Each structure stands twice: as C-alpha cells, then as structure tokens.
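Asks: Here's a sequence, model it:
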Amino acid sequence: MRPLSSKLAAIAPSATIEITEKARKMQAAGIDVISLSIGEPDFPTPAHITTACIDALNRGETHYAPGKGIPSLLSAISEKIEAENGFPCTADQVIVTCGAKDAIYEACEAVLSTGDEAIILDPSWVSYEPCIQIAGGMPVHHPLNLKTFQVDDSLLERITNRTRMIIVNSPSNPSGSVLNRESLRMVSDICQDHDLIALSDEIYEKLVYGQIHFSLGMFPGMPDRTITVNGFSKAYAMTGWRVGYACGPKEIVAGMTKIHQYTIMCVPITSQMAAAEALVISRKSVEEMKREYRRRRELVVMELNNLGLECNMPQGAFYAFPSIKTTGLTSLEFSRKLLAEEKVAVVPGTAFGDCCEGYIRISYASSLDNLKEALTRMKRFLEKSKRNAR
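Replies: Okay, here's the model as predicted:
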C-alpha cells in the first residue's frame, strides 16, 4: 500500500490526547487515576438547556439544519456579539460549527493559501498548528514572556511578506492568562499595518476572574479583519453537544461555509436549539460554575506554590500552568512519572510550544475532593523524587 499523506505525516500526535487516553485506559482497568489533563467542565449541562433539546426531539426536530445554522441561533449569536463583545455583527456574518475547533480549522482553510504563514502566540493550544498545516499554511511560533504572557513589539520580528494571519487566544489555554488592552491594541496595529487577518479564539471569555475580557474585534479597524471564534463547550458545560461558532467578514464566512457544506454539512439541529436556549437564559448557571472554578483555582495555585512549583494566579479559563523546573525533570518525564507512580494525569508544557519546557498544565475543572487528593499525591511524588535524587 502506498504511504499516507505526507502532509499528515508531518503532524505530531496530540500530547493532551495521549495522556488523557492513557489515563482513561488505566481507569477502565480499575486503576484509581485522577485526570487533570483534559479541559472539560465536570458540571452537567444546565437542566433548562437539556430540556430545550428534549422538547425539540419531542417535536420531531430530527432532520438536517441549514448549513450555516438555524436562524434563531444565528440571530442570537449576532445580538450577543454586538451586546457583549462590542462590535457590529449581523446574522449573515455568523456560521455555526461543530465546536470551536471546527471553526478554527475552517477559518484556516478559508484564509490560508499554500505556504502562507500564520503566527501563533506561545504558550498555545495544541490544535492551532495542525489546523494551519492541514490547510497548507506554515505555523510560525512566537513565544510570549512566561511571566507576563503579554504581547510586546518583538512580535514585529515574526512578520514576513508571507505572513497572512495572527492567532490570538484570550483567556489562554494553557496559561489562563488574559491579554490586556495594550497587547490587543498592538496586535490590532500590526494586523492593520501589514494587511493581516486575525483569528481571535475567545472560547473562555466568560471564565475571567477579576479582569476585563476585551475582544480583538472591538478595536477600530478590526471588525473587517477579525474572525472571532467561540462556542458553548466551556462556559455552558456543553462539550459533548459540539456547538461552536465564528463571526467575521462576510467573504471569509462565505469561504468557511463552502468548506462546511462539503464536510460537516450542518451541526445537529437539536444541539443548535439547545445552544440558542443557552444564550437566552444561562447567566445564573454560568456564574455559579465560575464561582466554583474560582474556589478551585485559589486552592490549586496556593498548594502548588507551597509545593515549590511556582505558579502564577490564572486570570481566566480553568487551567494552572506551574513551573516544574526545580524537580530537574523534563515536562514529559514529570507527566509520565506522575501518572505511572501516583496515578495523576497532567499535560507536559511542551505540548503548548517549545518555550514551555519546564512547565505542566493542570486543569482544575474537577471537584475539590479530586483536586485535594491529586495535590496530596503530587506532594508524595515530589518528596520521593527528592529522596531519589540524593
């Protein structure tokens, strides 16, 4: 048989999936594993959202939906963008996708031609690079300062005549950092000065603690060159429903729609109806989940620092990104040993960029009891590692 696509052969397997799948197999074998490796809320989907889906099924809503999305959801998203994100958006500038990941991939396919460069700000979510590569583009990594996680004028050094896109993620997976107004204004200025498209991944926008979330599309001149990506998985605990969306310039959304029609066809209509319900009356549920994440965040960060693993207080999302450099282990060694010896799954920092060697990502989207037990096991692991190093 002939070899598979060389394009796919160049794409590395996801370290997040590798660790998570290994943890799941261990759990299936009856091993007591605590998984802090996957970014999935442990809350159930709010009942009123689930009820909206059940009602739709009972009405017989089981057929194809319009490719771009059902009108009620498209309108609700456009109204939400204008009211909460602060820039104009009409329903024909929106596409509903199978999760935010699908929106990111379709945006890369719609914008990038073969050899076009797309800049990724590291630490970065693991799917950006493969989406760029599958679309035929060239990922260009730009490491941020791992103390501040903000953009400075060194970003200009990455711009070439082949640069087409900059990808921004705020709040950030994996660091939990939030880009401030100055950082976003710098990205805005660079995009306009060099005629670039921005992809702004704002999936964690509702999970911000004591900060203000700024959308890149709200800056002057940016609505016409920003693809804003969001979804329902994180804020509404709807990971399995697979509903995301993008809004942007009509010509880009039209290109994304063409890809969508030939691949996804449409997002399940019942999931879309549930998502429309989420946008209407879910504020209370979101705030309740956010309060619990805040409690978990404070516990995890305090204990990590007590263990000697320096960790900034995350400003958003539900991830902690501590340094494990004091252990003398690489990120991958630490993650594999912790899983093997103490049955706690975390993700090595190198999954999020080469500059993240010496860090791990911990998801605190797990119960307080699980987090406390995981931290107890980590303490035991670190004490044992110190003894063995003597």
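
Asks: Run a quick neighbour tally on residue 359.
Replies: Look at residue 359: counted by other C-beta atoms under 10 Å, it has 27 neighbours. To be clear about C-beta, it is placed using only N, CA and C from the backbone, and glycine gets the same treatment.

Asks: Same question for residue 388.
Replies: Applying other C-beta under 10 Å, we find 7 residues neighbouring residue 388.

Asks: got the phi/psi numbers for residue 198?
Replies: Backbone torsions for residue 198, taken as degrees, to the nearest 10, come to phi -110, psi 140.

Asks: Same check on residue 226?
Replies: Torsion angles, degrees, to the nearest 10, at residue 226: phi -120, psi 130.

Asks: Would you agree it is in contact with residue 246?
Replies: No - taking contacts as C-beta atoms under 8 Å, residue 226 lies outside contact range of residue 246: 10.2 Å.

Asks: Centroid-nearest residue for this protein?
Replies: The centroid of the chain falls nearest to residue 173 when counting by C-alpha atoms, centre = their mean (5.1 Å).

Asks: which ones are touching the closest residue to that residue other than its chain neighbours?
Replies: Excluding its sequence neighbours, the residue lying closest to residue 173 (C-beta to C-beta, 6 or more residues apart in numbering) is residue 125, at 4.7 Å. Contacts here follow C-beta atoms under 8 Å, 6 or more residues apart in numbering; on that basis residue 125 touches 169, 173, 174, 201, 352.

Asks: now residue 285: how far from residue 210?
Replies: To residue 210, residue 285 is 21 Å away according to C-beta to C-beta, to the nearest Å.

Asks: do the same with residue 306
Replies: Residue 306 is 22 Å from residue 210, by C-beta to C-beta.

Asks: Over to residue 8?
Replies: From residue 8 to residue 210 the distance is 42 Å (C-beta to C-beta).

Asks: Just the helices from the stretch 101-250 of the chain, written as ranges.
Replies: Counting by DSSP state H, counting those that start in this stretch, the stretch 101-250 of the chain has helices at residues 128-134, 181-193, 250-263.

Asks: out of those helices, deepest packed?
Replies: Mean neighbour counts were compared across those using mean count of other C-beta atoms under 10 Å; the top stretch is helix 128-134, at a mean of 22.

Asks: for it, packing partners?
Replies: Applying 3 or more C-beta pairs under 8 Å, 6 or more residues apart in numbering; DSSP states H and E, one finds that helix 128-134 makes contact with helix 6-9, helix 99-111, strand 117-122, strand 138-143.

Asks: Off-centre distance for the second one?
Replies: Meaning helix 99-111. Offset of helix 99-111 from its chain centre (C-alpha atoms, centre = their mean, to the nearest Å): 13 Å.

Asks: and the angle from it to helix 250-263?
Replies: 110 degrees (axes from the mean of the first three to the mean of the last three C-alpha atoms, to 10 degrees).

Asks: Can you point out the buried residues in helix 99-111?
Replies: Buried positions in helix 99-111, judged by neighbour count with 16 or more other C-beta atoms under 10 Å: 99-111.

Asks: Show me this structure divided up by domain.
Replies: 6-44+284-384, 47-280 (automatic domain parsing).

Asks: Can you say which of the contacts of residue 125 are buried?
Replies: 169, 173, 174, 201, 352.

Asks: For residue 213, what are phi and psi?
Replies: Per degrees, to the nearest 10, the backbone of residue 213 is at phi -90, psi 120.

Asks: hey, where'd the strands end up in the protein?
Replies: Under the criterion DSSP state E, the chain contains strands at 34-35, 94-97, 117-122, 138-143, 163-169, 197-201, 226-231, 244-247, 319-320, 344-345, 347-348, 360-363.

Asks: what's the distance between the closest residue to residue 365 other than its chain neighbours and residue 331?
Replies: Nearest non-adjacent residue to residue 365, counting by C-beta to C-beta, 6+ apart: residue 318, 4.5 Å away. Separation of residue 318 from residue 331 (C-beta to C-beta): 20 Å.

Asks: So these two - more neighbours on which side?
Replies: residue 318 (28 against 24).

Asks: The more buried one and residue 97, how far apart?
Replies: 22 Å.

Asks: And residue 257, by the same measure?
Replies: Going from residue 257 to residue 97 by C-beta to C-beta gives 10 Å.

Asks: want to throw the helices of the stretch 101-250 of the chain into a markdown table with distance to residue 338?
Replies: Putting the helices of the stretch 101-250 of the chain into a markdown table (distance: least, C-beta to C-beta, whole Å) gives the following:
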| stretch | distance to residue 338 |
| --- | --- |
| helix 128-134 | 25 |
| helix 181-193 | 33 |
| helix 250-263 | 38 |
